[in-house]
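Engineer: Got a predicted model here, sequence first, then my questions.
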Amino acid sequence: MGHILDDRMKQVSVAGANERTIDCNKASLAGSVSQRACVFCGSRVVLYPIVDALHVIHGPIGCAAYTWDIRGSLSSGPELHRLSYCTDLQEKDVIFGGEKKLYASIIELIDLHKPKAAFIYTTCIVGVIGDDVEQICRTIEKEKGIPIIPVQAPGFQGSKKDGYKVACEAIFTLVGTKSKPFTPAKSINILGDFNLAGELWILLEYYKKMGVYVNATITGDGRVDDICNAHNAALNVVQCSGSMNYLAKMMKDEYGIPSMRVSYFGIEDMSDALYDVARFFKDDDMMDKARELVKEEFTKLIPQLAWYKERLTGKKAAIYVGGAFKAISLVKALRLIGVQSVIVGSQTGTTEDYELIKQLCDEGTIIVDDSNPVELSHFVKEKQADIFIGGVKERPIAHKIGLGFCDHNHERKEPLAGYEGMLNFAKEIYATAMSPVWKFTKNP
Ligand code: SF4
């Protein structure tokens, strides 16, 4: 345990070995080199998939480069979200202030792109010099007649999770500002799916087959007008435990919209997501359609997964992802194809999430909150994992120690959600874990 800093000991647990509740939901330990991103990054990843809005970063170019085109979120229409604009603050601006530069930039960009709304992000240095971004946004909003929303996200104010909250507050300023002429009674908003590799479109198809109207997708393939009308939906269906719970809570408090938490990863959780919606609407016909859909998908999928299970049984996986809810789905999905999860960790899990993981995992599984490269490398070697499942920052850890890596985060190019996503996941795990290339690398 020499690789774990003394003050982090309580953030690591072993399933079956102790009953201690994992210490989590707190600021990263200084000097521990956490895998967490900054507040600005957290807000940017959540708001990024609003495709018809302008996104302007008030800060140094490095902040913009860090988050440029940060997600593989696809759009069925405009692609304004993929352009990352920045005021590129220089030394002179830091000394004399960057307000004039920001004002001129926003005006020029609105005239150029005619966006439906604009999100103006403040980063670390603006938090230090104190430019009045809110005032500039209010002025331009009056001049141009579209919502100009300040996103106060200096990176140093906390972690990525605080950025999620900032993003939810920004989105909430739009909710309830417009109503469409008619919104069907059995309508939902999908929160927390970011349409990576087109995953949202798979879900839309499922809900359509069940007769559920999707009112707004927040924020995958998101549209400003749909978000403005989001208060007219009957239910918020929330994926990704960290990023959208706060928005769901605000919508419940303000508009009385109930919410449910779902996961679209793995066949059990995907099916539950559909059944839970049908159950909410107390609609037998909807439930029958959901059952029919699940049966049809299972009939196609189960024999194919059996092929992978036969070959992958005995392999061991390390999981380290942003939200713990996804980690839970991954443990179940891996079990379905014969892979044992030997390390399960997340950046932002809660006590309840980790308790659930502890119950779900086999004895001896290492469970870790807010880990770092040194710890993760040691855990992987200790548990002799065959594959690492994580995001962009975990990829080099895996590759440096000669281990297969599966990207289950922003950059994925194949959909991993839904039934077709489960098959893609099995294919990817198989192709990576069984690749002959590992014979030529040093075994961890
Ligand atoms: S930590 Fe600060 S400077 Fe770095 S990317 Fe985040 S906002 Fe920008």
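Structural biologist: That came through fine.
Engineer: what residues are up against Gly72?
Structural biologist: Residues near Gly72 by C-beta atoms under 8 Å, 6 or more residues apart in numbering: Leu196, Ala197, His410, Glu411, Arg412, Lys413. C-beta coordinates here come from the backbone N, C-alpha and C atoms, glycine included.
Engineer: burial count for the residue lying closest to the last one once chain neighbours are set aside?
Structural biologist: This means Lys413. Of all residues not flanking Lys413 in the chain, Ala197 sits nearest, at 5.6 Å (C-beta to C-beta, 6 or more residues apart in numbering). Neighbours of Ala197 under the rule other C-beta atoms under 10 Å: 20.
Engineer: Could you do Lys316 as well?
Structural biologist: 18.
Engineer: How about it: which residues does it bridge to?
Structural biologist: Beta bridges link Lys316 to Gln340, judged by DSSP bridges.
Engineer: Need the buried ones from the contacts of Gly72 selected in PyMOL.
Structural biologist: In PyMOL, this line selects whichever of the contacts of Gly72 come out buried by 16 or more other C-beta atoms under 10 Å:
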select buried, resi 196+197+410+412
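Engineer: Go through the contacts of Gly72 and flag which are in strands.
Structural biologist: Residues of those located in strands (DSSP state E): none.
Engineer: Roughly how far does Ser371 sit from the ligand?
Structural biologist: As judged by C-beta to the nearest ligand atom, to the nearest Å, Ser371 and the ligand stand 19 Å apart.
Engineer: What separation do you get for that residue and Ser28?
Structural biologist: Distance of Ser371 to Ser28, given as C-beta to C-beta, to the nearest Å: 10 Å.
Engineer: Give me the more crowded residue out of the two.
Structural biologist: Ser371 (26 against 18).
Engineer: Touching, that one and Ala318? I think so.
Structural biologist: No. Assessed by C-beta atoms under 8 Å, Ser371 is found out of contact with Ala318, at 10.3 Å.
Engineer: what do the two both touch?
Structural biologist: Common neighbours of Ser371 and Ala318 (C-beta under 8 Å, 6+ apart) are Phe379.
Engineer: For the stretch 301-444 of the chain, which segments count as helices?
Structural biologist: Secondary structure of the stretch 301-444 of the chain (DSSP state H, counting those that start in this stretch): helices at 324-336, 351-360, 373-383, 395-400, 418-433.
Engineer: Intersect the contacts of Gly72 with the contacts of the ligand.
Structural biologist: Among these, no residue sits close to the ligand (C-beta under 6 Å from any ligand atom).
Engineer: Which single one of the contacts of Gly72 is nearest to Ser84?
Structural biologist: His410 (14.2 Å; C-beta to C-beta).
Engineer: So the closest one sits against Arg44, correct?
Structural biologist: No. Applying C-beta under 8 Å, one finds His410 not in contact with Arg44, separated by 10.8 Å.
Engineer: if we can go back for a sec, just say which of the helices of the stretch 301-444 of the chain is most tucked in.
Structural biologist: Of all the helices of the stretch 301-444 of the chain, helix 324-336 has the most neighbours on average by mean count of other C-beta atoms under 10 Å, namely a mean of 24.
Engineer: Now do it against helix 351-360: the angle between them, please.
Structural biologist: Orientation check (axes from the mean of the first three to the mean of the last three C-alpha atoms, to 10 degrees): helix 324-336 against helix 351-360 gives 10 degrees.
Engineer: on contacts alone, who are the packing partners of helix 324-336?
Structural biologist: Judged by 3 or more C-beta pairs under 8 Å, 6 or more residues apart in numbering; DSSP states H and E, helix 324-336 is in contact with helix 241-255, helix 267-280, strand 316-321, strand 340-346, helix 351-360, helix 418-433.
Engineer: now what about the shortest one, what contacts it?
Structural biologist: With C-beta under 8 Å, 6+ apart as the test, strand 316-321 has contacts from 35, 327, 330-331, 334, 339-347, 368, 371, 376, 379-380, 383-391, 394, 408-409, 429.
Engineer: one step back: adding pLDDT and distance to Ala290 as columns, could you present the contacts of Gly72 in a markdown table?
Structural biologist: A markdown table is the format used below for those (pLDDT from 0 to 100; distance: C-beta to C-beta, whole Å):
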| residue | pLDDT | distance to Ala290 |
| --- | --- | --- |
| Leu196 | 93 | 24 |
| Ala197 | 94 | 24 |
| His410 | 78 | 29 |
| Glu411 | 77 | 31 |
| Arg412 | 83 | 26 |
| Lys413 | 84 | 29 |
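Engineer: Quickly name whichever of the contacts of Gly72 is closest to Arg311.
Structural biologist: Once C-beta to C-beta is applied, the member of those that ends up nearest Arg311 is Arg412, at 22.3 Å.
Engineer: what's the span of stretch 226-238, first residue to last?
Structural biologist: Distance across stretch 226-238, first residue to last, is 16 Å (C-alpha to C-alpha, to the nearest Å).
Engineer: oh sorry, the question was meant for stretch 60-77
Structural biologist: 30 Å.
Engineer: do stretch 229-237 as well
Structural biologist: 16 Å.
Engineer: Tell me which residue of the chain lies closest to the ligand.
Structural biologist: The ligand sits closest to Gly155 of the chain, with a gap of 2.6 Å, by C-beta to the nearest ligand atom.
Engineer: Neighbours of that residue, how many?
Structural biologist: When counting by other C-beta under 10 Å, one arrives at 24 neighbours for Gly155.
Engineer: Tell me how far it lies from Met434.
Structural biologist: Gly155 is 40 Å from Met434, by C-beta to C-beta.
Engineer: how about the residues of the stretch 251-400 of the chain near the ligand?
Structural biologist: For the stretch 251-400 of the chain, the contact set with the ligand under C-beta under 6 Å from any ligand atom is empty.
Engineer: thinking again about what came up before, could you find the closest non-adjacent residue to the residue of the chain closest to the ligand?
Structural biologist: Here the residue nearest Gly155, using C-beta to C-beta, 6+ apart, is Cys38, at 3.2 Å.
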